[in-house]
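> one predicted model, sequence on top.
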Amino acid sequence: MSHASADRFVGLMSGTSMDGADGVLVDFSTGTPTVLAAVHQPFPAALREAFSALQQSGPDEIHREALAANELARVYADCTSAVLRAAGLPAEAVTAIGAHGQTIRHRPGLYDGIGYTRQSQHPALLAEMTGIDVVADFRSRDIAAGGQGAPLVPAFHQALFGDAGETRVVCNIGGISNISILPAAGQRPVTGFDCGPGNALLDHWIGTHRQLPFDGNGAWAASGTVDTALLGTLLAEPYFAAPPPKSTGRDLFHADWLVGHLGQQPRAPQDVQATLTALTAEAIARDVRTHAPDAARLIVCGGGAHNGHLMAHLQRALPGIAVQTSGDFGVPVSQVEAIAFAWLARQCVRREPGNLPSVTGATGPRVLGAIYPA
């Protein structure tokens with residue numbers, strides 16, 4: 001196969017955990033996505049702080065967002081170069097880059113059913129720096145069609161993890177957690193939605209109290225005790241009971257939301273961490289029990305899959321379901337989302353839909369993304 005006719009795409013994902021960019025080079029020529037190389041490019045501390053600040057309104061935010069977008073393009077370009085080097089391939093061997101960008105606002109359905117979403121990045125600069133076509137802005141077309149713009153990965157999850165003989169649920173636990181419900185053949189359409197906070201509050205709390213970026217394997221949470229009264233208060237948030245289609249983000253589940261629920265009662269910080277871990281697990285488990293009671297297994301990916309304490313919580317909350325990771329199915333947990341955006345870029349280039357109306361609530365299938373030619 002010549003480079004010109006290659007069916008290879010780069011996928012770049014930086015999620016709500018804001019720890020860095022995951023990059024993959026994927027070959028689709030055999031019909032099954034094959035990862036040729038994968039890298040993780042950590043964010044410089046200043047960029048992570050800039051995106052954290054942009055989660056809420058502030059002074060001079062248009063200027064600050066533009067500078068952060070420029071810097072993200074450089075991180076993405078470095079990530080792309082790294083996967084090409086690892087695979088031993090030139091830029092000409094790649095059809096396009098699928099670049100998600102960094103979500104700084106997600107407010108679907110605000111006005112007459114049409115809201116907005118903003119994934120900060122500079123795709124034109126990325127195309128300039130890499131010499132590769134870039135596909136970006138995947139979510140806004142679905143929102144324009146009356147959808148939530150999220151989650152976008154269930155169609156890909158179905159292609160990768162679906163099984164005609166059993167119902168499966170794929171759960172991505174990044175900063176926010178989301179599930180894709182993949183029914184057994186012919187039962188009902190694929191569905192999916194955001195469950196609630198994933199690692200966002202956990203990372204914030206341990207960062208505040210122990211100056212660590214994350215709770216390794218959930219060890220700090222495991223040293224605490226779940227505050228059942230606080231857990232009940234947190235789970236009373238109306239979002240958890242809202243019917244799908246629905247999506248959420250740091251616009252709702254942020255530090256001030258947590259502080260407002262903590263009140264003035266003194267609590268050991270590790271007990272709050274234990275309770276936040278239980279919140280993440282219970283929100284996911286409730287949604288699985290409610291919307292996929294026939295599920296045979298829960299396949300977890302994203303950073304949360306590395307948290308053994310959280311995974312044990314999920315298994316206890318879902319005793320009749322096999323809780324596994326995507327790694328058990330041959331796909332490393334850190335690569336699933338990036339592969340999905342390589343797939344979405346391919347769908348856009350082929351002018352094929354990337355959304356599922358049964359998931360997002362859009363009025364129909366839509367081709368997602370805008371193409372920035374190199």
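Right, received. Where do you want to start?
> could you pull out the helices for the stretch 101-250 of the chain?
For the stretch 101-250 of the chain, the helices defined by DSSP state H, counting those that start in this stretch cover 123-130, 140-144, 154-161, 200-210, 219-222, 228-235, 238-241.
> any idea of the mean pLDDT for the last one?
Along helix 238-241, the predicted confidence averages to a pLDDT of 97.
> what's the next secondary structure element after it?
Going down the chain from helix 238-241, the next helix or strand is helix 255-262, by DSSP states H and E.
> picking that back up, quick one: which of the helices of the stretch 101-250 of the chain is nearest G15?
For the helices of the stretch 101-250 of the chain, distance to G15 was read as CB to CB. The smallest value, 9.7 Å, belongs to helix 200-210. In short, each C-beta sits where N, CA and C put it, glycine included.
> could you tell me the angle between that closest one and helix 255-262?
80 degrees (axes from the mean of the first three to the mean of the last three CA atoms, to 10 degrees).
> mind listing what's buried in helix 200-210?
Within helix 200-210, the residues scored as buried using 16 or more other CB atoms under 10 Å are 200-206.
> any chance of TSV for those residues, columns pLDDT and distance to T34?
Formatted as TSV, these follow (pLDDT from 0 to 100; distance: CB to CB, whole Å):
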residue	pLDDT	distance to T34
A200	94	32
L201	97	36
L202	97	33
D203	96	32
H204	96	37
W205	98	39
I206	98	36
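> which one of those is nearest R366?
A200 (28.1 Å).
> okay, now the closest residue to P123 other than its chain neighbours: neighbour count?
Leaving aside its sequence neighbours, P123 sits nearest to A136 (CB to CB, 6 or more residues apart in numbering; 3.8 Å). A count of nearby residues for A136, using other CB atoms under 10 Å, gives 25.
> and the helices of the stretch 101-250 of the chain as CSV, adding distance to A96?
Formatted as CSV, those follow (distance: least, CB to CB, whole Å):
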stretch, distance to A96
helix 123-130, 9
helix 140-144, 17
helix 154-161, 16
helix 200-210, 30
helix 219-222, 40
helix 228-235, 41
helix 238-241, 35
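> wait, F214 sits on I206?
Yes - using CB atoms under 8 Å, F214 is in contact with I206, at 6.7 Å.
> tell me where the model's unsure across the stretch 101-250 of the chain.
When residues are selected by pLDDT under 70, those of the stretch 101-250 of the chain lie in 110-113.
> could you redo the last one with a cut-off of 90?
Low-confidence segments of the stretch 101-250 of the chain (pLDDT under 90): 106-115, 150, 155, 159, 185-187, 250.
> helix, strand, or coil at L67?
Under DSSP: H, G, I helix; E, B strand; the rest coil, L67 falls in the helix class.
> in contact with it, which residues?
Residues in contact with L67 (CB atoms under 8 Å, 6 or more residues apart in numbering) are A50.
> all helices of the stretch 251-374 of the chain, in order?
Listed in chain order, the helices of the stretch 251-374 of the chain (DSSP H, counting those that start in this stretch) span 255-262, 269-291, 308-317, 336-349, 357-360.
> out of these, which gets nearest to T34?
T34 lies closest to helix 336-349 among the helices of the stretch 251-374 of the chain, at 9.8 Å (CB to CB).
> elements contacting that closest one?
strand 8-13, strand 20-27, strand 96-99, strand 134-136, helix 154-161 (3 or more CB pairs under 8 Å, 6 or more residues apart in numbering; DSSP states H and E).
> got JSON lines for those, with distance to V300 too?
Rendered in JSON lines, the data for the helices and strands packed on helix 336-349 read as follows (distance: least, CB to CB, whole Å):
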{"stretch": "strand 8-13", "distance to V300": "17"}
{"stretch": "strand 20-27", "distance to V300": "16"}
{"stretch": "strand 96-99", "distance to V300": "23"}
{"stretch": "strand 134-136", "distance to V300": "27"}
{"stretch": "helix 154-161", "distance to V300": "11"}
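> my understanding was that Q335 contacts V26; is that so?
No - with contact defined as CB under 8 Å, Q335 does not reach V26; the gap is 9.2 Å.
> and for the two, which residues touch both?
Residues touching both Q335 and V26 (CB under 8 Å, 6+ apart) are V35.
> more neighbours, those two?
Set Q335 next to V26 and count neighbours by other CB under 10 Å: V26 wins out with 27 against 23.
> quick one: contacts for that one?
Counted by CB under 8 Å, 6+ apart, V26 has contacts 8-11, 33-36, 339, 342-343.
> doesn't T280 make contact with L310?
Yes - using CB under 8 Å, L310 makes contact with T280 at a distance of 6.3 Å.
> neighbour-wise, which of these two wins?
More crowded of L310 and T280, by other CB under 10 Å: L310, with 29 against 26.
> next one: that one from L202, what distance?
Computed as CB to CB, to the nearest Å, the L310 to L202 distance reads 8 Å.
> repeat for L279
9 Å.
> quick one: buried residues of stretch 233-251?
Neighbour-count burial for stretch 233-251 [16+ other CB under 10 Å]: 234, 237, 240, 244-250.
> and these as JSON lines, adding distance to T360?
Shown next, in JSON lines, are those (distance: CB to CB, whole Å):
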{"residue": "L234", "distance to T360": "26"}
{"residue": "E237", "distance to T360": "22"}
{"residue": "F240", "distance to T360": "19"}
{"residue": "P244", "distance to T360": "9"}
{"residue": "P245", "distance to T360": "6"}
{"residue": "K246", "distance to T360": "10"}
{"residue": "S247", "distance to T360": "8"}
{"residue": "T248", "distance to T360": "13"}
{"residue": "G249", "distance to T360": "15"}
{"residue": "R250", "distance to T360": "19"}
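> farthest pair within those?
L234 and P245 (22.7 Å).
> out of the contacts of V26, who's nearest T80?
V10 (5.5 Å).
> give me every residue that touches that closest one.
Residues near V10 by CB under 8 Å, 6+ apart: 23-26, 80, 83-84, 94, 96-98, 132, 342, 345.
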